[in-house]
Every structure is written in C-alpha cells, then in structure tokens.
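# sequence isn't available, so here's the structure alone:
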C-alpha cells in the first residue's frame, strides 16, 4: 500500500486518540451506482465516486468505524479477476470484502429523476452474504444541488443503524466533508472528476479539475488537499506544500504537518521535514505514522520529542513495520523487538516472531512455537509445530503432528489436539460453534465431523460424514439460532444443538434443504421441491420445479413453467398460472399474466388486476405513485391503489405536488390531484416555471400564464428557458426567453429588462 493510501487511512484515525480503544465496525463503501436514463447516467456519472468518497471520508472520522479505502475494492476485484462484466455485481464486492477482511459493506445507488436524486442503500454481511436494507431509512428525494446535504443526512441515518451517538464533534466532522465542504455543486462535481482522473494516474488532468473547483469556490479546502496530493505525485513539491497549508480545517493540524513533513522528505529537505514532523508530534504524541516517518529519515541523528537520539537502524539486518511504537527486527537469523528510539524492548533470541495480536505474539524457539506477552516473557511454552494468532476471544489454534486443537490465553486446551487441520493459517477467528473433523480407521481414510463451542464443550459428537453450520442473526448481527446441516450414511438432514434430528437424513445433498422461514423449509427430492415443518414432516409434497425463498413470509414457486406463491402458513396460495411473479420493496408482488401486469398485496388481495401494459412507480415531492397504462392510455393510482387519474391520457407528468400535466387527443392541459381540470386541453406544451407561473406553447409560440389562468405574456416567444430571482431578498421573478434567435430577460409584466 503506497504512502498516500496510508495517509488517507491513518490521519483520519487520529481525530480521536481514544478511538483505538473502542470496538469498531469494519466497513467498506465501494462506488455507488447511478441509475436513470442513459443521458442522466452519463451526465451524473461523477456521483458514483462522489457518494462513496464523501461517505468514506465522513465515517473515517467516526471512532466507531474502521474504513477500507474504496480504491482497495477495485484493486482486489481487478487482481482477482472478479469482474466478469462492465458492471461490478454484489457478489464480486463481497468476495473482495472477504479478502480485505471487511465485516460489512454499504452498497448504494442513486436514481436520477428530472434533476432530482433518490438514494437507496443496503448493508451486506460479508461473512454470511446476507443483504439487508437500512432500518427506517426515510425516502429522501432531493435536487442534485442539495446532494451534499443529502449525504450528511445519510451519514446520520447510517450512524443510527449502528447505535452511534450523534455527538456534536462527530456531526461537525461529518459536516466538514459533506454539507460544509462547499456550497457550489459544480465545484463538487469538478472535485469528483479530479478524483477519478487521479485514480487513473492522470495527475495533470486531475489538477486541472481541482483548479476548476477552486475557481468556483476559493475556500474549498478538500480541493486544495486533493490538488496538493496530485502535485506531490508529479514532484511539484513547493506548490503541493502550499496547498497542504490551506487544509487545516479539513483535517487535523498534526495531519497537515505530517503531509508537509512527508513532502519535504520526498523533496530531500530533511531539516524541513523533521521540523514539521516534530510539530505534528507535539500536537499529537500518539501519531504513530509521524514516528514512523521520523524513523525513516536517512540521517545519523534526528530530533524526537525535542531531543537528539542516535538512530540504530544500521545495527539490524531488517527492521519491520512499526506497530504501536515497536517493530520486529532481525539480526543473525534471530528476532526481537525495538522501540521507536531504537532501544531493544525484547531480546533477539527467537528463531521467528510474529506481530502482537490481542496482547500476545507467537514466538518460535528450537523449531517449536509458543507465545510471549508484551514484556517479552515466554508465557506459553514453545511446544507446538504451528500456531495461529490469538483472536479477540483470547483463543488460538495450535498444531502438533498434523492435528489441530485450540487453547486459551492461559495455555489451557479448549479443543483437544486431535482433529484434522482444515483451516488456513491466515486470518482466523473462533466461532460460537466450530466444526471439527477426525480421521478414522487404520489408514485414516474415513472422516467424521462434530461440533465444539468456544468453552470447549462437545455440542455434536464426531459421528457425521459432514457438517455445515449457518448462523441466523438479527438486524444487529446477533445470533438468533444455528441451523446445523449434517450428513449420515451419505444422506443429508438437519439437527439441532442437542443433536436431535430436525429433518430426517433422506436428502441427496445439503443444497436439497433450504433454511427455515417462519417454521417451514423447502426440500428437494428427485429434482422437485416441497416443504417440511420444524418436525421434518412434509406438509406439501415435492412437485414444484423451482422454489425461491423471499421476504421471510412467501415462497415463489414454479410448476410447468408458470409461477405462483405460497404463504408460509399454507393457508393461502397463488396458483401457478403467471409468467412472472416479482416482489418489490413496497411489499407488493408485480404479476404478469397473458402479457398483462397486475399487483398483488401480501394479504393476497389483488390491488390491480392483470390488465395493464405497464405499471411504473414514480416519486414526486416525497410521495409515491403508480403510473398505469391500459389500452395505450395512462392513469395514476396512489400507493394504496386509490384511483387518482383514469387511464385516458396519452401522457402524464407531475408539475408540482398538486398539479399534473396531461396530454389528451394530442393537446396538453393541467389537472389537479383530484382529476379536476385546471387548464384546458389547448396547448402543444406546458412548462413549469414557478409555483405561480407556467410557460405554455400554442401555434409553435410560447407565452406565460399565472396560476389563475391569466395571460401574463402573449404567445410571441420561440422558447422559455427558465425563471430566476436576481435578488433573493426580494420577491421579484424574471424569465429568460428566446425571441428571434436572441436571449432576453423579461419581468413578470412581460417587460424586457436585458438583452444577451
């Protein structure tokens, strides 16, 4: 990882020195997806990186979160060849998250609709792959100009999901990188375009974009920071340093000095570098990155804590990365630890050493592994052929004679060292239930599985051919129950933690048994699906071709190529006679039958019969509606399916929260939300200007009318561009119009005030 990425990850973490002692949520935020028509997607593509970068920047400042740089997702996806199409799908992001060690991923999209954006976000649990929407996230529709305020609101809503208190300092930090970063959306757009160019290595082009942002908003500190970052990349150190000096309200003062010190070090000015790094250390003595930079300076003496300390780096063959003020060192094939001053903290007596994890470091003596504490004392005897690090529960895996077990921090054996070593030595964490595997027979050709818990209790004896455990969690990822799939005599069933059979061992593979939903599970026999209850009794025989679990209450089922629904209490079903059954997030099913669409509620009430060519959900002014098309004519119903407009219009568009522009017999008019005619059908086009004025077109010429249908300006203009208010303190409106090829400003009395 290069130094720039380290800065991004590290200096935000220093915003609160106490944050390292708090339990953090490991979170990743990849690029958002921009949705809409192709023209809007292309126009607002910069929002993809904009949302991700702003939210990552914001949450990096909240102690409860540990953020992974979004670029790391793209790097891993490219390196691992996880991307099969131009669009990076959720499964690829989850795979990348597992490699990066992320616990949860925040995936988002922004829907662009007529200059407004609607954001949708959901959380992916990397361990289970489960996707869940954010609880109680309000539907927020705002103009593109207000996107930074929207990002602030989204940050606060996400914090609620993780029970983070909205402390004033945290809110202030979030405002710094969202609503408080700039008041000009165009400057924000240029910033994001610059970020994309920077990520592609086009540093000069990125600088040009940042220059554009700063031309618009000279106080945009984030743009100064990013421009300084780019200038350092092209070795323009002096200008980069000047930009860094302008960002102390965007990042902490010690981080500013760290950046400047690092730039001077790259430039070769060691004296200036030390000067700024020591300034940073005075402000924040716990800034370990500053200490590492000081140690990297290639000189015999450097200033640290206002004293001269001799560097001892030449005394060792290798000095590994500093962590919490100490670093592993190697000399003459022996390992130990030194502190930031070069003083030996742990003698170089070990054949190998690892980094400290949860208070212990694995140490090797005479080809065997044990553990030392932070004082360097060998607290657990070196007697294992291999060990893992201690995890957060102070448990570690140990191996002897190719068999593994588990010990606690006092050396007590929790799981006997007698099981097949089937877990990689990399990142390891004990689970509340852990599968163990034994080999049986003289030649060890047979295997059997069982289950232990963290306390060393035998939950399931080692009598099964295979065991697979699924942990079922609530919305806070706390364990509700375990589903234990087991194989016996080559047949699969399900057992509980008391080793009682829940589903009998009659199924060909684990994939033939689905997870329980509200007391029922789908099972497959001879390529056909049915359902069993919690006693394993088959309550619906296996005759469905496909069964899809959905929303915790319904199963989508297919028979003879047609789809239907089964409610989990089996009191109600929808027969398999539909070409398509599709659940939407509003709690309804969209049905397709005979090429016609309808909507079914979860209560099995047919809210809209299958007689429509199109059903489209639309949002306006924070409210949702369905546009419905029947016999090539459009109408509107609300989300409760109350009829608002009958299907008698060639087109329908919202003008405001109370009025709609409609087209009938080739002419346009206006009706209110109660289908009362407001403006007669006699216009070729209608344009919303303000709440009190409309632009209307007749005989290819435009005029202006007020909300009482009084003509303000006669039909003499070629085009009406927009309305505006020069002085926001005065309630005076003006209009920009096109007449005879010239742009003209007129007032609300149709008087020309300016020609462009």
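Arrived safely, thanks for sending. Just so we're clear, the structure is a prediction, and the values are computed from it rather than from any experiment.
# can you name the residues bridging to residue 143?
Counting by DSSP bridges, residue 143 forms beta bridges with residue 116.
# may I have the strands that pair with the host helix or strand of residue 107, each with its orientation?
Using DSSP states H and E, residue 107 sits within strand 104-113. Strand pairing for strand 104-113, using DSSP bridges, gives strand 25-28 (parallel), strand 33-35 (parallel), strand 116-125 (antiparallel).
# tell me the most buried of those?
strand 25-28 (a mean of 21; mean count of other Cβ atoms under 10 Å). For glycine as for every other residue, the C-beta is placed from the backbone atoms N, C-alpha and C.
# show me how far it is from its chain's centre.
Mean-position distance between strand 25-28 and its chain equals 9 Å (Cα atoms, centre = their mean, to the nearest Å).
# quick check: buried residues in the strand holding residue 107?
Within strand 104-113, the residues that qualify as buried are 104-112, counting by 16 or more other Cβ atoms under 10 Å.
# from the contact counts, what lies against the helix or strand hosting residue 278?
Assigned by DSSP H and E, residue 278 belongs to helix 270-283. Here helix 270-283 is seen to pack against helix 253-267, helix 288-296, strand 301-304 when contacts are counted using 3 or more Cβ pairs under 8 Å, 6 or more residues apart in numbering; DSSP states H and E.
# could you tell me the least trusted of these?
Mean pLDDT is lowest for strand 301-304 out of the helices and strands packed on helix 270-283, coming in at a mean of 36.
# on that earlier part again, quick one: mean pLDDT over the strand holding residue 107.
If you average the pLDDT values across strand 104-113, you get 84.
# what's in contact with it?
25-30, 32-37, 40-41, 43-44, 47, 51-52, 55, 90, 93-94, 97, 117-126, 131, 141, 144, 158, 618-619 (Cβ atoms under 8 Å, 6 or more residues apart in numbering).
# swap in 7 Å and give it another go.
Applying Cβ atoms under 7 Å, 6 or more residues apart in numbering, the contact partners of strand 104-113 are 25, 27-30, 32-36, 40, 44, 47, 51, 90, 93-94, 97, 117-126, 158, 619.
# which helix or strand contains the nearest residue in space to residue 242 that is not next to it in sequence?
Residue nearest to residue 242 in three dimensions, not counting chain neighbours: residue 228, with 7.6 Å by Cβ to Cβ, 6 or more residues apart in numbering. Using DSSP H and E, residue 228 maps to helix 221-233.
# show me how far that helix is from its chain's centre.
25 Å.
# sort out which residues of stretch 629-637 are buried, please.
In stretch 629-637, counting by 16+ other Cβ under 10 Å, buried: 629-630, 633-637.
# just stretch 273-280 next, same as before
Residues of stretch 273-280 classed as buried by neighbour count (16+ other Cβ under 10 Å): 273-274, 276-280.
# can I get the residues you listed in a markdown table with pLDDT?
Converted to a markdown table, those look like this (pLDDT from 0 to 100):
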| residue | pLDDT |
| --- | --- |
| 273 | 84 |
| 274 | 85 |
| 276 | 88 |
| 277 | 85 |
| 278 | 86 |
| 279 | 87 |
| 280 | 84 |
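# for residue 157, see how far away the residue positioned nearest the centre of the chain is.
With distances taken as Cα atoms, centre = their mean, the residue of the chain nearest its centroid is residue 106 (1.8 Å). Separation of residue 106 from residue 157 (Cβ to Cβ, to the nearest Å): 11 Å.
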